[in-house]
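**Student:** Requesting a structural model of the entry that follows:
(chains A and B)
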Amino acid sequence: MQSFFKILLISFLLFFFPIDKEVEIKCLVEIMDYRGEGAYFVISVLDEEENYIKTVYVLGDDKSWFSEMKAFWINLRKNNLFSDEDFYPLIDGISGPTISGGERRVFQIKVPKNLFNNGYLLRFETAVEDKAYHMNDINIALSTESLKQAHMGQGFIKKIQFIATE
Amino acid sequence: MMKGVWRKTHFLLAFGSSLFLFLASVSGFILGIEALLDQTKPQAIDSLEDHSLKTTLEALDTNMKEVFEISISEKNYVIVQGISEDGFEHFYVDPKTGLKINSVTPTSPFFKQIRSFHRSLFLKNTGRIIVGIIAFLLILLSITGLFLLAQRIGGIKQLFFLTKEKNIYRKTHIILGKWFFIPVLLIGFSGAYLTIERLNAFTNQESNTKTYAKGEKILDLNTIHLNDIARVSYPFSKAEDEVYNIELKDRVFTVRQGDFSILSEEIYPFHHLLKQWNYFIHTGESNLFVALILTLAALALVFFMFTGLKITSKTSLDLLSLNKNNLKEASVVILYGTETGNSYQFAKRLAKTLRKENHSVGLTSLNNYSIFPKAKTILILAATYGDGEAPSNADRFEKRFNSSAQPHSINFSILGFGSKSYPKFCQFAINLQTLLEKQDNFSSLMPLFKINNQSETDYYSWEGMVINKLK
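**Tutor:** So this is what the prediction gives:
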C-alpha cells in the first residue's frame, strides 16, 4: 500500500509540475571490443549522496537480468519498486536492446530540468552475462560543462559523448 | 559385411545422440514455427532488394526529426532508432514510405528461452559444445543413413523410385530419409559451424581495410539496396570528423557527411560471410520457404527417432548386448547352423531366455567353433541343407571341432530343424549328435530333439527341458 501511495505521489508530482521542462540529451556510446552476450545498461540520476532519484534509460529487455545491476536493484528493493506491477511498466517505456562488444549506439535520454546543473550525478551501470558488473562505468556530473566533454568508461563503455539540448 | 557396418554405425550414432537430438529437434521445431510467424508480421519486408538506400534515407528524412540508426534484421525487418513527433523511438519502418509500422517489442520470453535452450541447453559453453557435437553427429547420421538406404534398396538410383517396403515404420523411415536427407544434412552442418564460430574459432582472420582521400570516391546510394545492408549509423553531430557508418553484409564503409565520399572501406574476412550463410541455412529467418522446410525437417527428425526406435527394437538392440556375448567368459555356448536365418532367430531367443535365467551365454555360428575356456554346456541349433549337408555357416564345424579340445567336460544338447517332407529329415543334426557323442569329455543332456517345420510348441518344450537341466 505504501508503495502505491508513493507512486501516486510521484505521478501526481510529475503531472502537476512542469514536465515539459526536460533536457534532451543525445548520447553516443561506444562499447569495448569483447566477445559474448550484449551489455545491459541502466542509466540513473543520483543525488550528491548517490541516492537514486530517477531511472532514465535501460538497455536490455530481459527483465531477469536487471538484478545483475546490483546497486540499481538494491535501490529498487529498498523502495519496494521491484515487483512487476510497480516497476516494469516504468521500464517498458524507456528500454532498448542491448549493445554488443565493439558496437556503438546513439540514443536520447530526457532529464527533468530541475535536476540539471544542480549537483546531481548521471550514472551508467553496466553488466554482461558471465563477465562483470560495473557500478560506476560512467559517473559524471549532470551539468552543461560535464556533458560537453567526452568521457571514458571504467568497464564495458569505451567512450561516451553527449549533446544536451535545454 | 559393409551393410552391417553402416547399420551398426547408424544405430550407435542415433542411440548416442538420441536424448539431446530429440531436445534439439523439438526446440528447433518450435523455433521454426516462430520464424514462420515472424515472416507473416507486417514489418517483414519481402522485397528488400527493391528499395535503394537513397530512397529509404529520403523517406526517413521527411518523416523523422532526427535519425540515429537504421538496421536490417535477419528477419527482414527494417528498424529505425531516432526522434519522431512522439519523441525518441525505436520502431519497425516501411522502407518505401518511411512510416512507422510497429514499435519494437522484446522477443517473447518463451521463444527466448527456447532459443537459449536450443543453443546451449541452458548450460552455457558446456551446452554449446554438446549441441555442436550433436549437430556433427547429425551429419554422420544422415550420411550413414543414406548409405544404408542405398544398400537396402539396391543403389543410389533406386532412391528416385517408390519404396517397396511393407513395414509401416521402415517405410516411414525410408520415405522421410529420401525427402529430408539434404535439409537434415544442412541443419547438421550449419549447426556445427555456428557452434564452432560461437566458440571463437576464427578470431585470427583479419579484415582488409582500404582508405580513400576526401572526394576520391563517392558512394552511390542508388546502387546499394536494403538487402545488402546490415546497419547504417548516422553521424553523431555535424562535426567534420563525425561520419556515416554503412555496414553491408560483407564490408563496412565510413562515409563523409554532405558529399558521401568514402573515407574507408573494410572488407570482412571470409568467415563473416560464411557465418551469415550458415545462420540463414540454419534458421531460414529471412525466407518463408526455407523456414518451412527447416521446420518440417525438425519435425521429421522427431519422426525419424520414433520410427527408428520401432525398427531398432528388433534387430539393432542386439548390438548393445554384444558385450554380454562374450564367448571367452560364457558358461553356456549356443551354436547355430542356418541357411535361411530361422535357426539363428531361435538361437537368439534361447540366448535371451538363458540370460534371464542368469546364465552367462555366448552365441555364435557353428563355423566359429573354437576353444571356449569357461564353457560347461554347449547347445546347438542346426538346420539341414539340401541332401543332409551342413548349412553354409556350419560347413567347417567338423574340422574345427576335431582340432579344438575343450578344457572342461561339456554337457550338450542338439536341436535339429528340418521338414519331414524331405527324405533326410534333420540329417545334419543327426550327424552332429554322432560326432559329439564320440568325444570323450562330451555327454549328451538328452537325446537329439528334432523340430518339424519350425514348430514353436516343439521348440518351447525343448527349451523348457534345457532350462531344467541347467538348474
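**Student:** Quickly note the distance from A:Ala150 to chain B.
**Tutor:** 10 Å (CB to the nearest CB, to the nearest Å). From N, CA and C alone the C-beta is placed, and that goes for glycine too.
**Student:** Hmm, that residue is touching A:Lys159, no?
**Tutor:** Yes. Shown here, A:Ala150 and A:Lys159 form a contact pair, counting by CB atoms under 8 Å, at 5.8 Å.
**Student:** So for those two, which sits in the more crowded spot?
**Tutor:** It is A:Lys159, of A:Ala150 and A:Lys159, that has more neighbours when counted by other CB atoms under 10 Å in any protein chain shown, with 15 against 11.
**Student:** how about the residues of chain B that lie near chain A?
**Tutor:** B:68-69, B:81, B:83, B:87-88, B:90, B:104, B:106-107, B:109, B:112, B:124, B:200, B:203, B:233-234, B:236-237, B:245 (CB under 8 Å from any CB of the partner chain).
**Student:** Buried only: go through those residues for me.
**Tutor:** With burial judged by 16 or more other CB atoms under 10 Å in any protein chain shown, the buried subset of those is B:Phe68, B:Glu69, B:Gln81, B:Ile83, B:Phe88, B:His90, B:Val104, B:Ser233, B:Tyr234, B:Phe236, B:Asn245.
**Student:** What parts of chain A come near chain B?
**Tutor:** Checking chain A against chain B by CB under 8 Å from any CB, the hits are A:26, A:28, A:35, A:61-62, A:95-97, A:104-110, A:130, A:161, A:163.
**Student:** Got a quick PyMOL command for the buried subset of these?
**Tutor:** A single PyMOL command is used to select the members of the residues of chain A next to chain B judged buried by 16+ other CB under 10 Å:
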select buried, chain A and resi 26+28+61+62+95+96+97+105+106+107+108+109+110+161+163
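**Student:** The residues of chain A next to chain B in strands, which ones?
**Tutor:** Among these, the ones falling in strands (DSSP state E) are A:26, A:28, A:95-96, A:104-110, A:161, A:163.
**Student:** What ranges does the stretch 1-150 of chain B have for its helices?
**Tutor:** For the stretch 1-150 of chain B, the helices defined by DSSP state H, counting those that start in this stretch cover B:2-39, B:53-63, B:109-120, B:124-153.
**Student:** Switch these over to CSV; also include mean pLDDT and distance to B:Lys450.
**Tutor:** Output for the helices of the stretch 1-150 of chain B, formatted as CSV (pLDDT from 0 to 100; distance: least, CB to CB, whole Å):
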stretch, mean pLDDT, distance to B:Lys450
helix B:2-39, 86, 32
helix B:53-63, 94, 88
helix B:109-120, 91, 60
helix B:124-153, 89, 35
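**Student:** how about those, which one is nearest B:Leu299?
**Tutor:** Closest approach to B:Leu299 among those is made by helix B:2-39 (5.3 Å; CB to CB).
**Student:** Identify each buried residue in the closest one, please.
**Tutor:** Neighbour-count burial for helix B:2-39, with 16+ other CB under 10 Å as criterion, is recorded at B:6-7, B:9-11, B:13-15, B:17, B:20-21, B:23-36, B:38-39.
**Student:** who does it touch, helix- and strand-wise?
**Tutor:** For helix B:2-39, the packing partners by 3 or more CB pairs under 8 Å, 6 or more residues apart in numbering or on different chains; DSSP states H and E come out as helix B:109-120, helix B:124-153, helix B:288-312, helix B:317-320.
**Student:** who does the first one touch, helix- and strand-wise?
**Tutor:** Pointing back at helix B:109-120 there. Using 3+ CB pairs under 8 Å, 6+ apart, helix B:109-120 sits against helix B:2-39, helix B:124-153.
**Student:** go on, the third one?
**Tutor:** For helix B:288-312, the helices and strands in contact under the criterion 3+ CB pairs under 8 Å, 6+ apart are helix B:2-39, helix B:168-198, helix B:270-283.
**Student:** And those: which comes nearest A:Phe41?
**Tutor:** Per CB to CB, nearest to A:Phe41 of the helices and strands packed on helix B:288-312: helix B:168-198, 23.4 Å.
**Student:** Show me what the following helix or strand past that closest one is packed up against.
**Tutor:** Next along the chain after helix B:168-198, taking DSSP states H and E as the criterion, comes strand B:208-211. Counting contacts by 3+ CB pairs under 8 Å, 6+ apart, strand B:208-211 is packed against strand B:262-267.
**Student:** Partner strands of the strand it packs on and their direction?
**Tutor:** Sheet pairing here is set by DSSP bridges, and for strand B:262-267 it gives strand B:208-211 (antiparallel), strand B:251-255 (antiparallel).
**Student:** How far off centre is it?
**Tutor:** Centroid displacement of strand B:262-267 relative to its chain, using CA atoms, centre = their mean, to the nearest Å, is 43 Å.
**Student:** Then stretch B:84-92?
**Tutor:** That offset, for stretch B:84-92, works out to 46 Å (CA atoms, centre = their mean).
**Student:** Please list all residues in contact with the most centrally placed residue in chain B.
**Tutor:** Ranked by distance to the mean C-alpha position of chain B (CA atoms, centre = their mean), the top residue is B:Leu138 at 2.8 Å. Contacts for B:Leu138 were tallied using CB atoms under 8 Å, 6 or more residues apart in numbering or on different chains; they are B:Ser17, B:Leu21, B:Val184, B:Leu185, B:Ile187, B:Gly188, B:Gly191, B:Ala192.
**Student:** Quick check: it vs chain A, distance?
**Tutor:** Distance from B:Leu138 to chain A, by CB to the nearest CB: 26 Å.
**Student:** for B:Gln43, same thing?
**Tutor:** Applying CB to the nearest CB, the value for B:Gln43 to chain A is 15 Å.
**Student:** That residue: what's its closest spatial neighbour, skipping adjacent residues?
**Tutor:** B:Tyr92 (3.5 Å; CB to CB, 6 or more residues apart in numbering or on different chains).
**Student:** tally of neighbours for that neighbour?
**Tutor:** B:Tyr92 has 20 neighbours, counted by other CB under 10 Å.
**Student:** Show me where chain A has its helices.
**Tutor:** For chain A, applying DSSP state H gives helices covering A:2-16, A:70-78, A:84-92, A:144-148.
**Student:** In the stretch 251-400 of chain B, where is pLDDT below threshold?
**Tutor:** By pLDDT under 70, the weakly predicted segments of the stretch 251-400 of chain B are B:313-325.
**Student:** what about the residue of the stretch 151-300 of chain B found nearest chain A, helix or strand, and which?
**Tutor:** The stretch 151-300 of chain B approaches chain A most closely through B:Phe236 (4.4 Å), counting by CB to the nearest CB. Assigned by DSSP H and E, B:Phe236 falls within no helix or strand.
**Student:** Adding pLDDT as columns, could you present the buried ones among the residues of chain B next to chain A in TSV?
**Tutor:** As requested, these are exported to TSV (pLDDT from 0 to 100):
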residue	pLDDT
B:Phe68	94
B:Glu69	93
B:Gln81	92
B:Ile83	92
B:Phe88	86
B:His90	86
B:Val104	85
B:Ser233	94
B:Tyr234	95
B:Phe236	93
B:Asn245	94
